[in-house]
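**Q** Sequence first, predicted coordinates after that:
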Amino acid sequence: MKKIVVALGGNALGNNPIEQLDKVKYAAKAIVDMVKEGNEVIIAHGNGPQVGMINSAFEESHLLNQKHPEMPFPECGAMSQGYIGYHLQNAIQKQLSHEKMNQKVATVITQVIVDENDSAFQNPSKPIGSFVDLETAKLMEKEKKYIMVEDANRGYRRVVPSPKPIGIVELDIIKTLVDANHLVITVGGGGIPVIKDDLGYKGVAAVIDKDFASAKLADLLNADMLVILTAVDKVKINFGKVNEKDLDALTMKEIDMYIEAKEFSAGSMLPKVQACKSFVNGYSHRTALIASLEKAKEALLGQTGTRIIGG
Ligand SMILES: Nc1ncnc2c1ncn2[C@@H]1O[C@H](COP(=O)(O)OP(=O)(O)O)[C@@H](O)[C@H]1O
Ligand SMILES: NC(=O)OP(=O)(O)O
C-alpha cells in the first residue's frame, strides 16, 4: 500500500460549474481507482480559475450596487474550497457507491500558514481567473488596477501574491481522518493563506500555489508519492514550439538544468516541477508524477506522465 497525495489542477477542473461537474467525474474515477488498488489517497486541488471568478463576481456586483459587499481574498479562497470540495466529494462518493466501496469522503476547509514577510507579497506571480486577450488585459490593468501577465502561451491573466506554505493548521485533523481510512480533500487552492495573530490565525490576501501546498502536505504526511494531475500528459521541453519534446522522467540535475534554461513557465509548469523536486529530493522511497487528469490511471501504471525520482 502506498500513501499518495493527488493534486488536481484548477485549470484541469474547467472554467465554470457545468464544466467542473463533468471534469470531477474523471478525477473521481482516477482517485477511486487508486483506492481500489489498495492505496491510501489524500486529495488536494487548485483554484486559480475559480478563486478569480468568485473574486471578480463580488467586485463587479459591488461596483453595480455598493450595498453588495466586496469579498476579501481569504474568504474567496474559502468559498472556492467549499465549492470545489462539494463537487469532488459528491462525485467521489458516487464513484465509491458505483464500485460498492464503503469508504467515506469529506472536505476539510484548510488554513495554510505563510510568512507575512514573504517577498511574494511584493511580487505578485500567481495567475488566477480566466484568460483574456492583450487588449482586454490592458483595459483591466487600467480600470481595475490588476496586474496582468501572459500565461504559458494561453492568453493574459491577473496575478496575485503567492507566498510559500509553511505549515497546515488542520494537519492533526487530516492525519486522524486519513488514519481512520477516510478520504480527505484538503489544502484546496493551496489552502487559505493565514498568518499568526494573538489568539490564532488571520487570513491574508494571497493565493498559495496548490503544487507547493500539496508537496508540503505530502511531506508532512510522509507520503510515498505526489501525483500532480493537470491538462497535459507530460512535462515538455521547447513547450509550444515545433521541436517540442515530451519528457518521461526528470532527475534532480535535469530539473535544475531545465529551470536554468527557462523551459518551464512561471505560474504553471515551473511550480509543479519545483514542488515535485522539493518532495523527492533526498528521499529514495519517494516518487512524484506529473500527468493529465484524463490519463491518470495509465500514468500510475507507468504508461504516460513524467516521473520525478529523488534519492
Ligand atoms: N514545459 C512545459 N511542459 C508542459 N506544459 C507546460 C510547460 N510550460 C507551461 N506549460 C503549461 O502549463 C499548464 C499546466 O499549468 P496550469 O494550467 O497552471 O495547471 P493547473 O491549473 O492544472 O494546476 C499546461 O497545461 C501547459 O499549458
Ligand atoms: N491555487 C492554485 O495553485 O491553483 P491552480 O492549480 O488552479 O493554479
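**A** Cool, got the structure. Ligands and ions are numbered 1, 2, ... in the order given.
**Q** Run through the neighbouring helices and strands of the helix or strand harbouring Ile92.
**A** Element membership of Ile92, judged by DSSP states H and E, is helix 73-98. On a contact count with 3 or more Cβ pairs under 8 Å, 6 or more residues apart in numbering; DSSP states H and E, helix 73-98 meets helix 17-36, strand 40-45, helix 48-64, strand 105-107, strand 183-185, strand 192-196, strand 201-203. Using the backbone N, CA and C atoms, a C-beta is placed for each residue, glycine as well.
**Q** Swap in 7 Å and give it another go.
**A** helix 17-36, strand 40-45, helix 48-64, strand 105-107, strand 183-185, strand 192-196 (3 or more Cβ pairs under 7 Å, 6 or more residues apart in numbering; DSSP states H and E).
**Q** Who are the packing partners of the fourth one?
**A** What that stands for is strand 105-107. Counting contacts by 3+ Cβ pairs under 7 Å, 6+ apart, strand 105-107 is packed against helix 73-98, strand 183-185.
**Q** Make JSON lines from the ones you listed and add distance to Lys262 and mean neighbour count to it.
**A** What follows is those, written out as JSON lines (distance: least, Cβ to Cβ, whole Å; neighbours: other Cβ atoms under 10 Å):
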{"stretch": "helix 73-98", "distance to Lys262": "29", "mean neighbour count": "20"}
{"stretch": "strand 183-185", "distance to Lys262": "34", "mean neighbour count": "26"}
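**Q** Figure out which of those is closest to ligand 1.
**A** helix 73-98 (11.8 Å; Cβ to the nearest ligand atom).
**Q** That closest one relative to strand 40-45, how many degrees between them?
**A** 140 degrees (axes from the mean of the first three to the mean of the last three Cα atoms, to 10 degrees).
**Q** Is any residue of helix 73-98 near ligand 2?
**A** No: using Cβ under 6 Å from any ligand atom, helix 73-98 stays clear of ligand 2, with a minimum separation of 8.2 Å.
**Q** Quick one: mean pLDDT over that helix.
**A** Here helix 73-98 scores 97 as its mean pLDDT.
**Q** Could you check the angle that helix makes with helix 48-64?
**A** If you take the same axes, to 10 degrees, helix 73-98 sits at 130 degrees to helix 48-64.
**Q** Helix 73-98 vs strand 192-196, what angle?
**A** Using the same axes, to 10 degrees: helix 73-98 against strand 192-196 is 130 degrees.
**Q** hmm, helix 73-98 in reach of ligand 1?
**A** No: Helix 73-98 lies out of reach of ligand 1 by Cβ under 6 Å from any ligand atom, never closer than 11.8 Å.
**Q** cool, stretch 135-152 as well?
**A** Yes: Stretch 135-152 is in contact with ligand 1 by Cβ under 6 Å from any ligand atom, via Ala152.
**Q** and the helices and strands packed on helix 73-98 as CSV, adding distance to Glu99 and mean pLDDT?
**A** Listed next are those as CSV, based on distance: least, Cβ to Cβ, whole Å; pLDDT from 0 to 100:
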stretch, distance to Glu99, mean pLDDT
helix 17-36, 6, 94
strand 40-45, 13, 98
helix 48-64, 28, 94
strand 105-107, 13, 98
strand 183-185, 13, 98
strand 192-196, 32, 97
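**Q** and of the ones you listed, who's closest to Glu135?
**A** helix 48-64 (17.6 Å; Cβ to Cβ).
**Q** May I have the closest one exported as CSV, CA atoms only?
**A** Output of helix 48-64 as CSV, limited to C-alpha atoms (Å, rounded to 0.1, in the frame of the first residue of the first chain):
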residue,chain,number,x,y,z
GLY,A,48,-6.8,29.6,-9.9
PRO,A,49,-9.7,30.0,-12.3
GLN,A,50,-12.3,29.5,-9.6
VAL,A,51,-11.0,32.0,-7.0
GLY,A,52,-10.5,34.6,-9.7
MET,A,53,-14.1,34.1,-10.9
ILE,A,54,-15.5,34.4,-7.3
ASN,A,55,-13.4,37.5,-6.5
SER,A,56,-14.4,39.3,-9.7
ALA,A,57,-18.1,38.4,-9.4
PHE,A,58,-18.2,40.1,-6.0
GLU,A,59,-16.1,43.0,-7.2
GLU,A,60,-18.4,43.6,-10.2
SER,A,61,-21.5,43.2,-8.1
HIS,A,62,-20.2,45.8,-5.6
LEU,A,63,-19.4,48.2,-8.5
LEU,A,64,-23.0,47.9,-9.7
